[in-house]
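**Student:** the following block contains a protein sequence and its predicted model.
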2 protein chains.
Amino acid sequence: MTAPKRLSGVLAPAVTPFKRDLSPDRERYVRHCKWLLANGCRGLAVFGTNSEANSLSVEERMVLLETLVQEGVPADRLMPGTGCCALTDSVRLTAHATALGCAGVLMLPPFYYKGVSDEGLYRNFVEVIERVGDARLQLYLYHIPPVSQVPITLGLIERLLKNHPKTVAGVKDSSGDWANTKAMLDAFAKSGFDVFAGSEVFLLDNMKSGGKGCITATGNINPGAINEVFERWQGPNADSLQKGITATRNIMQKYPMMAALKAVIAHYGRDAEWAAVRPPLVELTPEQSRSLMAELEARGFDMPGLAAAPAVATA
Amino acid sequence: MTAPKRLSGVLAPAVTPFKRDLSPDRERYVRHCKWLLANGCRGLAVFGTNSEANSLSVEERMVLLETLVQEGVPADRLMPGTGCCALTDSVRLTAHATALGCAGVLMLPPFYYKGVSDEGLYRNFVEVIERVGDARLQLYLYHIPPVSQVPITLGLIERLLKNHPKTVAGVKDSSGDWANTKAMLDAFAKSGFDVFAGSEVFLLDNMKSGGKGCITATGNINPGAINEVFERWQGPNADSLQKGITATRNIMQKYPMMAALKAVIAHYGRDAEWAAVRPPLVELTPEQSRSLMAELEARGFDMPGLAAAPAVATA
């Protein structure tokens, strides 16, 4: 078996809905993922930071992934997060996702121990690659030092690419530092290493420099407009389109992101239960929610078709 | 069923040996835990930071805990680490440890998401307590901001103690900041909240201020001398004894702690395989190891009876 076709474009780290007992709500999840793919996302980086994936057990993630595929979400559009603190968990999730036919996996470094060496991180990723032992595996590195506190350095990427060029497929750079994204592009894009910006704020710059798109939290609510920038980045209106999506992003960033994304989906989908988050997160206060919706509405923001989707039976 | 007798004294976060394939080595593990209990540790905080517990899956931890109990390590001497990023994992491990009769559990806050609120952390701990629903549960909070990056504040402790006084039993303070440990002691020790210092460097100070002992990495190699300070903290030689254990600790702290602990056990136990660590950690270099052993030998350091224990068959 050979590696699947590489993803590009706008990917959303699909948010994970919870029932009142805080268990994952599979029905709402499938519906949201399908809405995203029908409204601008070319792929879904399920189980990302903004999916609250790190608040889910290995088993909970595996059930959700199987549910998506069973319900008709194409596996070759999926790039699940599979990087855990425990090597054995990362191996299990990565093997599972690859066997299901996912386009790739987005791997956090093990993130509990801080100040670890590139040698230790290299060993971690190589152990996963070798233990999974599947030529289909496309591994995307997840650089998000503000949260993980464990960076993916250029030196580490270079060593991994050199020794596993067919497997190490790219990176999501959520450093928030364009200079770092640019350095990754300059060093590795020509070797077929696919760089995704971690926010649509950098989408146009990333495309101009040889990047492949973005994997962005706000892809959960604004995929159509972000996809416009991806589709038309060489067109005459690119700067103006970029300004528009940056303005929406800037509104969202004033609020705790995951709770805000869910509040927006609850509001525009007319489905209050969507607002639930798992501890240690907390939902927006009513005041925060009102203020956020007012800001979005002032921009003419909408999520077309979301409320029109069939009503969901809740367990 | 009622809560077990509270632990006090020196507890070691027992290091976890690995075989060549990086799977946990149950035989060496049992032998090490028994050596610790026979040589000064009153309890074992298994699955702590220094146990590389965060590099183990939930299932690996459960198998190791069951192995200890089956092999005759008294459950009422055990305080396993059970705090994970995922609420469901923390519930599973905590329920398992409590059902086995463990003296308590040492719970990290969920540590992936940073900048979370005390409200979110409160909900996390309360969810665990309520879902486990076992009157035997004794919950010790694990404050280790240099690693977890998510602190346990005085306000959070106060709220948890107020609402779950029979369950919330104490704290391990690994902040490295004596002023913080003292603030915890002053605020809560009289309410029956047991404060353990996270390093023997603060053991004498902690005992003088109403603390219950220490849970310390170097308890893995120097439990006898540390226990002397605990036993004789009111005696005439307390300051001198404290100086001695601090000096040994200071040597260890020059090296990456977990790799150094395992190197010392490998050296004094004449069992080279003990040196293995799981990625993202790396073992000491030969130079580091030689330098460390020379420093320890210059202090007359020893681990009595370790090499005399029966040879271990390796799988």
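**Tutor:** The structure has been received and is ready for your questions.
**Student:** which element is the residue of chain A positioned farthest from its centre on?
**Tutor:** The C-alpha centroid of chain A is most remote from A:P236, which lies 28.5 Å away (Cα atoms, centre = their mean). If you go by DSSP states H and E, A:P236 is not part of any helix or strand.
**Student:** what's the spacing between it and chain B?
**Tutor:** 41 Å (Cβ to the nearest Cβ, to the nearest Å). Bear in mind the C-beta positions are built from the backbone N, C-alpha and C, glycine included.
**Student:** same question, A:K212
**Tutor:** Per Cβ to the nearest Cβ, A:K212 is found 26 Å from chain B.
**Student:** go ahead and confirm that residue touches A:S8.
**Tutor:** Yes. If you go by Cβ atoms under 8 Å, A:K212 and A:S8 touch, sitting 4.3 Å apart.
**Student:** which of the two has more neighbours?
**Tutor:** A:K212 (23 against 16; other Cβ atoms under 10 Å in any protein chain shown).
**Student:** for that one, grab phi and psi.
**Tutor:** Torsion angles at A:K212 (phi, psi; degrees, to the nearest 10) stand at phi -110, psi 0.
**Student:** check the one 3 residues further on too.
**Tutor:** The phi and psi torsions at A:I215 (degrees, to the nearest 10) take the values phi -120, psi 110.
**Student:** quick one: it and A:D173, what's the gap?
**Tutor:** 9 Å (Cβ to Cβ, to the nearest Å).
**Student:** can you check which residues contact both of these two?
**Tutor:** A:196-198 (Cβ atoms under 8 Å, 6 or more residues apart in numbering or on different chains).
**Student:** can you put those residues in CSV and add secondary structure and neighbour count?
**Tutor:** Output for the shared contacts of A:I215 and A:D173, formatted as CSV (DSSP: H, G, I helix; E, B strand; the rest coil; neighbours: other Cβ atoms under 10 Å in any protein chain shown):
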residue, secondary structure, neighbour count
A:F196, strand, 30
A:A197, strand, 28
A:G198, coil, 26
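**Student:** list just the nearest of those residues to B:N163.
**Tutor:** Relative to B:N163, the closest of the shared contacts of A:I215 and A:D173 is A:G198; by Cβ to Cβ it sits at 38.6 Å.
**Student:** pretty sure that closest one is touching A:T218, no?
**Tutor:** No. Contact criterion Cβ under 8 Å: A:G198 and A:T218 do not qualify, at 11.1 Å.
**Student:** got any residues that touch both of the two?
**Tutor:** Contacts common to A:G198 and A:T218, judged by Cβ under 8 Å, 6+ apart, are absent.
**Student:** residue ranges with poor pLDDT in the stretch 101-250 of chain A?
**Tutor:** Within the stretch 101-250 of chain A, no range satisfies pLDDT under 70.
**Student:** for A:A307, give me the pLDDT.
**Tutor:** pLDDT recorded at A:A307 is 85.
**Student:** ok, it to chain B distance?
**Tutor:** 29 Å.
**Student:** return the residues in contact with that residue.
**Tutor:** With contact set as Cβ under 8 Å, 6+ apart, A:A307 has these partners: A:268-271.
**Student:** what does the stretch 1-150 of chain A have sitting close to chain B?
**Tutor:** Residues of the stretch 1-150 of chain A lying close to chain B by Cβ under 8 Å from any Cβ of the partner chain are A:22, A:49, A:54-58, A:60, A:85-89, A:92, A:109-114, A:116-117, A:119-121, A:123-124, A:127, A:146-150.
**Student:** what does the stretch 201-315 of chain A give?
**Tutor:** A:278-282.
**Student:** turn the residues you listed into CSV, including neighbour count, pLDDT and secondary structure.
**Tutor:** Conversion of these to CSV gives the following (neighbours: other Cβ atoms under 10 Å in any protein chain shown; pLDDT from 0 to 100; DSSP: H, G, I helix; E, B strand; the rest coil):
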residue, neighbour count, pLDDT, secondary structure
A:R278, 25, 98, coil
A:P279, 24, 98, coil
A:P280, 26, 98, coil
A:L281, 22, 98, coil
A:V282, 19, 98, coil
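**Student:** going along the chain, name the helices of the stretch 1-150 of chain A.
**Tutor:** A:26-38, A:58-70, A:87-99, A:118-132, A:145-148 (DSSP state H, counting those that start in this stretch).
**Student:** err, the stretch 151-300 of chain A, not the other one
**Tutor:** Along the stretch 151-300 of chain A, the segments classed as helices by DSSP H, counting those that start in this stretch run A:154-163, A:178-188, A:203-208, A:223-231, A:238-252, A:257-268, A:286-298.
**Student:** so which of the ones you listed is the most surrounded?
**Tutor:** Mean neighbours per residue, mean count of other Cβ atoms under 10 Å in any protein chain shown, is largest over the helices of the stretch 151-300 of chain A for helix A:257-268, with a mean of 23.
**Student:** which secondary structure elements does that helix contact?
**Tutor:** Contact here means 3 or more Cβ pairs under 8 Å, 6 or more residues apart in numbering or on different chains; DSSP states H and E; on that basis helix A:257-268 packs against helix A:238-252, helix A:286-298.
**Student:** if I look at A:M184, how far off is A:Y140?
**Tutor:** Using Cβ to Cβ, one gets 12 Å for the distance from A:M184 to A:Y140.
**Student:** any shared contact partners between those two?
**Tutor:** The contact sets of A:M184 and A:Y140 overlap at A:V171 (Cβ under 8 Å, 6+ apart).
**Student:** could the shared contacts of A:I215 and A:D173 be laid out in CSV, adding distance to A:A99?
**Tutor:** Formatted as CSV, those follow (distance: Cβ to Cβ, whole Å):
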residue, distance to A:A99
A:F196, 24
A:A197, 29
A:G198, 27
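**Student:** and which of the residues you listed is nearest chain B?
**Tutor:** Checking the shared contacts of A:I215 and A:D173 against chain B with Cβ to the nearest Cβ, the nearest one is A:G198 at 15.6 Å.
**Student:** and that closest one, backbone torsions?
**Tutor:** phi -90, psi 0.
**Student:** contacts only, for it.
**Tutor:** By Cβ under 8 Å, 6+ apart, the neighbours of A:G198 are A:143-144, A:172-176, A:214-216.
**Student:** rerun that using 6 Å as the cut-off
**Tutor:** Going by Cβ atoms under 6 Å, 6 or more residues apart in numbering or on different chains, A:G198 touches A:172-174.
**Student:** how about A:T67?
**Tutor:** Contact analysis of A:T67 by Cβ under 6 Å, 6+ apart lists A:R26.
**Student:** quick one: the spatially closest residue to A:E66 that is not a sequence neighbour from A:E52, how far?
**Tutor:** The shortest distance from A:E66 to any non-neighbouring residue, by Cβ to Cβ, 6 or more residues apart in numbering or on different chains, is to A:L100 (7.1 Å). Here the distance between A:L100 and A:E52 works out to 21 Å (Cβ to Cβ).
**Student:** between the two, which has more neighbouring residues?
**Tutor:** It is A:E52, of A:L100 and A:E52, that has more neighbours when counted by other Cβ under 10 Å, with 25 against 15.
**Student:** contacts only, for that one.
**Tutor:** With Cβ under 6 Å, 6+ apart, A:E52 has these contacts: A:16, A:278.
**Student:** repeat that for 7 Å
**Tutor:** When the contact criterion is Cβ atoms under 7 Å, 6 or more residues apart in numbering or on different chains, the partners of A:E52 are A:16, A:258, A:277-278, A:281.
**Student:** and the pLDDT at A:K5?
**Tutor:** A:K5 carries a pLDDT value of 84.
**Student:** and for it, the neighbour number?
**Tutor:** 9.
**Student:** please name the nearest non-neighbouring residue to it.
**Tutor:** Spatially, and ignoring its direct neighbours in sequence, A:K5 is nearest to A:D76 (6.7 Å; Cβ to Cβ, 6+ apart).
**Student:** repeat for A:L44
**Tutor:** Spatially, and ignoring its direct neighbours in sequence, A:L44 is nearest to A:A14 (5.0 Å; Cβ to Cβ, 6+ apart).
**Student:** correct me, but A:M257 touches A:N50?
**Tutor:** Yes. If you go by Cβ atoms under 7 Å, A:M257 and A:N50 touch, sitting 6.2 Å apart.
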